[in-house]
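In: Need a 3D model of the following:
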Amino acid sequence: MNTICSMGLGRGKDWLGAGLGVGRRPVPCFALVQGIMGVGRFCMRQALYRKYRPKTLSELVGQEYVKITIGNQLAAGQVGHAYLFAGPKGTGKTTVARILARSVNCLELTNGVPCGKCVNCVAFDNNQMMDLIEIDAASNNSVDSVRDLISKISLAPTLGKYKIYILDEAHQLSKPASNALLKTLEEPPSHAIFVLATTEPDRLLPTIISRCQRFDFRFVPVGEAVKRLAEIAKAEKMNISKDGLEFIARQSGGSERDAESLLEQASFIEGEITQAKLTEWLGFVDWQTVYEMTEWLVDGKVKEILAKIDELYHNGYDLNRLTASWMAIVRQVLAAKLGNGDRLPVTKEQINHLVGLAQKLSVQRTVIILQELMWAGREMRSVVVPQTPLEIAVVKLAAKIEPAEDEADEELSKPAGMSGGTKTKENQSAVASEGATTDKTTQRTGIVLSEIQEIWPRVLEQMRLISPTLAGMLVKAQIGVERDRVVVKFTSKFHKEKMEQPSGLGLLQRAFREVGYDCAIVCALEQVINEQPADIQNVSEIFGGVL
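Out: Numbering: from 1, shown residues only. The predicted structure follows:
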């Protein structure tokens, strides 16, 4: 635009023929237009996801039940008047709507498959089909837009048998617009078919949903996405490795459109396109780096992690992607901890690394890491300095995470205050009987009930972080004070015995210490006047006293 504005008009009357003057030399108009349009230098490349958009249901990636059901309807010649396609972005909702429109208007439809050769199919392929009306509900969501649409529905199709209305992002319709559409959606003219596509079906009016045949689209499995990407890469003569295709499929998060967009971006990488190149060129942090950061976190190496985060940020890496990759690896550690490591899309060497790291963490601590990373991911979107939430999460986690012992879950953690040696029956008995650690010299005396009642909610909050199972038992417990000891009263014998175990009392005392209150603790059974029958009581105890 600056170039155009700096140009002056030529002196001749017929300046369009003579050209536009630049300085003292006239420039022919066709040369100016050529420069503006980029003729001879650039051409608009069609995006891969548009170029290879499926034209039949058999070409669609994934969505098997959608393909079978709609395919059977087309083969039988019995299509519905209104459809609702709901599901994540890039999974084929609009594509299936276009395939449906192409099929119902094909002049030589065979077993539900369009011929691709008739006048109507060619018109569809060239985006010239006037009987296909695609509407962006996000920008045409007013009641006036819908009324204008309804007023034109009665008009007969131009070329085909049906007029197909595709409302993309249908959840963006305003409530008055949705109400205006209701009656027409229920009983449209015989030549009209509605397809509503949305990523948020819960925002649609229930009365609209009830008037449509609903099809839920699912994320595309990695294996099927890789197969489709390989076909496109071969057609485009791209030199890409198998691990590169798998990497793109995983990073797309189940969206085939996103996967094909990433493939198009990767097509400009020189030489063979490998996972290592994709990681560097597309701004993803490689698996090994994120794994090392996870190891540092478990080992308490906060300084090294913060330095790495700062380095990645200043090298231009997207910290949102880093956080997502970090969460993915911690999730893999959790899977290895639970014995599902063989199902992970990683190499055998990486599995061995994950299993080794899983041995250092308990399930509960792994979940805490995931929760903090999820918090950091949410907060990063709204702060000025994006690395700050991630750094805060790392510092908080370093304070919470300790090397795990050989334990089945968090309830088997070592009681606070015990030395690092082997737990013998003698010291376990001492903890159980006194309800405290062996070091009694630091325990508080002169305990006041009002103080315990004031800090009890904070103690419960700490217990939820340490052991959600025990915290659930303590929610309905009553507290009291007796001879400088905190008395925790349970109505369930099962809960009392569970809490009286050394690990239970140790964790409860640890929670008290977290809020700055070191005291001895004992458990007691409170007598219940209206006791439940024995069988109900047993079930109640098994399921945590919720009955």
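
In: Model confidence for Gly421, exactly?
Out: On the pLDDT scale, Gly421 is placed at 39.

In: hang on, Ala123 in a strand?
Out: No: according to DSSP: H, G, I helix; E, B strand; the rest coil, Ala123 belongs to no strand; its state is helix.

In: beta partners for the residue nearest to Gln453 when sequence neighbours are not counted?
Out: Spatial nearest neighbour of Gln453, chain neighbours left out: Ile479 (6.8 Å); criterion: CB to CB, 6 or more residues apart in numbering. The way it works is simple: take the backbone N, C-alpha and C, and place the C-beta from them, glycine included. Beta bridges link Ile479 to Val488, judged by DSSP bridges.

In: Who are the contact partners of Ile479?
Out: Ile479 makes contacts with 449, 452-453, 456, 486-489, as judged by CB atoms under 8 Å, 6 or more residues apart in numbering.

In: quick check, nearest of those residues to Gln359?
Out: Nearest to Gln359 out of these is Val488 (CB to CB; 33.4 Å).

In: circling back to that earlier point, any chance of JSON lines for the contacts of Ile479, columns distance to Val226?
Out: Listed next are those as JSON lines, based on distance: CB to CB, whole Å:
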{"residue": "Leu449", "distance to Val226": "65"}
{"residue": "Ile452", "distance to Val226": "59"}
{"residue": "Gln453", "distance to Val226": "60"}
{"residue": "Trp456", "distance to Val226": "54"}
{"residue": "Val486", "distance to Val226": "59"}
{"residue": "Val487", "distance to Val226": "61"}
{"residue": "Val488", "distance to Val226": "55"}
{"residue": "Lys489", "distance to Val226": "59"}
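
In: ok, so of these, who is nearest Cys523?
Out: Val488 (5.2 Å).

In: Return the distance of the closest one relative to Leu474.
Out: Between Val488 and Leu474 the computed distance is 7 Å (CB to CB, to the nearest Å).

In: More neighbours: those two, which one.
Out: Val488 (25 against 21; other CB atoms under 10 Å).

In: about what we covered before: find residues that contact each of Val488 and Leu474.
Out: 499, 508.

In: picking that back up, distance check, the residue nearest to Gln453 against Lys89.
Out: Counting by CB to CB - Ile479 and Lys89 are separated by 51 Å.

In: same question, Lys489
Out: Distance from Lys489 to Lys89, by CB to CB: 53 Å.

In: which of these two has more neighbours?
Out: Between Lys489 and Lys89, Lys489 has the larger neighbour count (other CB under 10 Å), namely 15 against 12.

In: so who does that one touch?
Out: 477-480, 523-526.

In: what residue ranges in the stretch 301-450 of the chain are flagged as low confidence?
Out: For the stretch 301-450 of the chain, the stretches flagged by pLDDT under 70 are 341-342, 345, 400-445.

In: returning to what we had before: can you tell me how far the residue nearest to Gln453 sits from Ile466?
Out: 18 Å.

In: again, but for Ile351
Out: 30 Å.

In: Can you give me the domain boundaries for this protein?
Out: 2-37, 49-216, 222-281, 287-400, 434-542 (automatic domain parsing).

In: Least reliable of the ones you listed by average pLDDT, please.
Out: Of all the domains of the chain, domain 2-37 has the smallest average pLDDT, which comes to a mean of 41.

In: could you point out which element follows the strand or helix carrying Glu264?
Out: Using DSSP states H and E, Glu264 sits in helix 256-266. On the C-terminal side of helix 256-266, the nearest following helix or strand under DSSP H and E is helix 275-281.

In: Now do that following helix: which elements does it pack against?
Out: The contact analysis (3 or more CB pairs under 8 Å, 6 or more residues apart in numbering; DSSP states H and E) places helix 275-281 against helix 242-251.

In: Give me the buried positions along the helix it packs on.
Out: By neighbour count on 16 or more other CB atoms under 10 Å, the buried set for helix 242-251 is 244-251.

In: Rebuild those residues as TSV, extending it with distance to Ser503.
Out: Shown next, in TSV, are the buried residues of helix 242-251 (distance: CB to CB, whole Å):
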residue	distance to Ser503
Gly244	48
Leu245	48
Glu246	43
Phe247	43
Ile248	47
Ala249	44
Arg250	39
Gln251	42
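
In: Nearest to Glu236 among these?
Out: Leu245 (12.6 Å).

In: how would you label Ala197: helix, strand or coil?
Out: Quick answer, by three-state DSSP: Ala197 is strand.

In: residues near it, how many?
Out: 25.

In: With Lys55 instead?
Out: Considering only other CB under 10 Å, Lys55 is surrounded by 19 other residues.
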